[in-house]
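> Structure for this input, please:
(one chain, ligands or ions: 1)
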Amino acid sequence: MPMLKEVLRGVLSEEEVRRLYSSFDIIGEIAVIKVPDELLEKKHEIGNAIIRNVKHVRSVYMQVSPVKDAYRVREVECIAGIDDPVTIYKEYGCRFKVNVAKVYFSPRLSTERARISSLVRDDETIVNMFAGVCTFSIIMVKRNPRCKVYSIDINPDAVILCNENARLNRVEDRVHVILGDAGEVIISMLLDTADRVLMPLPEKAREYMPYALMALRTGHDCYIHYFTHIRGNRKEIDRICREEVESIMRNGNYSIDGRNYRYTFNIVGMRIVREVGPRVYQVVADIMVRKWLGELYR
Ligand SMILES: C[S@@+](CC[C@H](N)C(=O)[O-])C[C@H]1O[C@@H](n2cnc3c(N)ncnc32)[C@H](O)[C@@H]1O
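Residues are numbered from 1 along each chain as shown. Predicted coordinates for the structure are as follows:
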């Protein structure tokens, strides 16, 4: 990721450069940046400097709200170049159509997408509960030609792009895109189907863990990739995340449709994905789960 400060030296004073945030995202031909309030009057100069200096960038959008609401979309304003928020982003040999004004997308998850894809084994059925534009889903099935994925998202614009992206990457036969709330979709059509469940939405992961468990196949070693936000010193993150997972899953059983399920779990991996604020980290826990039909624990 290019450093915003390097690009802007010469356009802004040293003092102004210091006040700028240190980096920006490049998504295909679009740069998305944050501009601090005190530099807002120079936003167009900043945007034009980026277009002049950063290869392939044709539009610069300024983030004008934090990521918000169920769709996790941020409001953006075009400050330089062509006002067209749709672009093609490339990652690991796949191409993704992204609309930076209508869907959530972060290039900063690319390492995590590659890591989880490398864990997938032949013939897996995967459920991606919060799919966005299908980046995780498509990279996983491209790398593993014998797998299929159910990709759920509640944002209709994300679902349209998911379908387009599946076609763009020629995996529409193995990427099944479903519009709706992940919990409702799992209960209505995906109970007991998945070898692996992805939960790449930290704000909802705790609340939706019961649905992830319901989606897993009975009688097999299955995996849940649980994304969360953890506050604390870097050294404590592992312990705090483990405690969070254990507190959510300790129950060890659930019932649905008159059937009782029991499960055991084991946290087999944990990784800090990125820092999202001062002493706040996005963390992913890889949880192996085995469940079976049985009497409930009391
Ligand atoms: C953080 S984004 C996913 C990012 C994506 N995995 C990636 O790699 O770019 C979370 C997505 O979850 C969707 N979402 C939010 N609440 C949901 C729900 N209850 N059920 C299904 N999808 C939901 C949002 O619309 C958003 O697209």
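
> Parallel or antiparallel, which strands does the helix or strand encompassing M62 pair with?
Assigned by DSSP states H and E, M62 falls within strand 59-63. In the sheet, strand 59-63 lines up against strand 30-33 (parallel), strand 76-81 (antiparallel) (DSSP bridges).

> Up against the ligand, what does the stretch 151-298 of the chain have?
Within reach of the ligand by CB under 6 Å from any ligand atom, the stretch 151-298 of the chain has these residues: I152, D153, I154, N155, A158, D181, A182, P200, L201, K204. Placement of C-beta: from N, CA and C, glycine included.

> Read off the pLDDT value for the nearest residue to the fifth one once chain neighbours are set aside.
If I follow you right, that is A158. Spatial nearest neighbour of A158, excluding adjacent residues (CB to CB, 6 or more residues apart in numbering): V103 at 4.6 Å. We note a pLDDT of 97 for V103 in this prediction.

> how many other residues sit next to V103?
23 (other CB atoms under 10 Å).

> likewise R231?
For R231, using other CB under 10 Å, the count is 13.

> where in the stretch 151-298 of the chain is pLDDT low?
Within the stretch 151-298 of the chain, the stretches with pLDDT under 70 are 296-298.

> rewinding a little: please identify the most buried of the strands paired with strand 59-63.
strand 30-33 (a mean of 24; mean count of other CB atoms under 10 Å).

> For the ligand, tell me whether it is touching it.
No - shown here: strand 30-33 not in contact with the ligand (CB under 6 Å from any ligand atom), separated by at least 13.5 Å.

> Now tell me what touches stretch 55-74 from outside.
26, 29-35, 43, 46-48, 50-51, 75-85, 87, 100-104, 154-155, 157-158, 201, 203 (CB atoms under 8 Å, 6 or more residues apart in numbering).

> Looking at those residues, which are in helices?
K43, I46, G47, N48, I50, I51, D157, A158, E203 (DSSP state H).

> mind giving me TSV with those and columns for distance to V11 and neighbour count?
Shown next, in TSV, are these (distance: CB to CB, whole Å; neighbours: other CB atoms under 10 Å):
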residue	distance to V11	neighbour count
K43	12	16
I46	7	24
G47	10	23
N48	8	15
I50	9	24
I51	12	16
D157	34	15
A158	35	29
E203	36	13
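
> thinking again about what came up before, any chance of the strands paired with strand 59-63 in TSV, with mean pLDDT too?
Shown next, in TSV, are the strands paired with strand 59-63 (pLDDT from 0 to 100):
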stretch	mean pLDDT
strand 30-33	94
strand 76-81	97
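
> Compare those and give me the one nearest H220.
H220 lies closest to strand 30-33 among these, at 40.7 Å (CB to CB).

> contacts for the closest one?
Here strand 30-33 has contacts from 4, 21, 24-25, 46-47, 50, 54, 57-63, 76, 85, 87, 100, using CB under 8 Å, 6+ apart.

> Quick one, which of the residues you listed are buried?
By neighbour count, with 16 or more other CB atoms under 10 Å, the contacts of strand 30-33 hold 4, 24-25, 46-47, 50, 57, 59-63, 76, 85, 87, 100 as buried.

> Just the closest of the residues you listed to E236, please.
Nearest member of those to E236, counting by CB to CB, is D25, at 28.7 Å.

> Using CSV, please lay out the strands paired with strand 59-63 together with distance to G277.
Putting the strands paired with strand 59-63 into CSV (distance: least, CB to CB, whole Å) gives the following:
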stretch, distance to G277
strand 30-33, 18
strand 76-81, 20
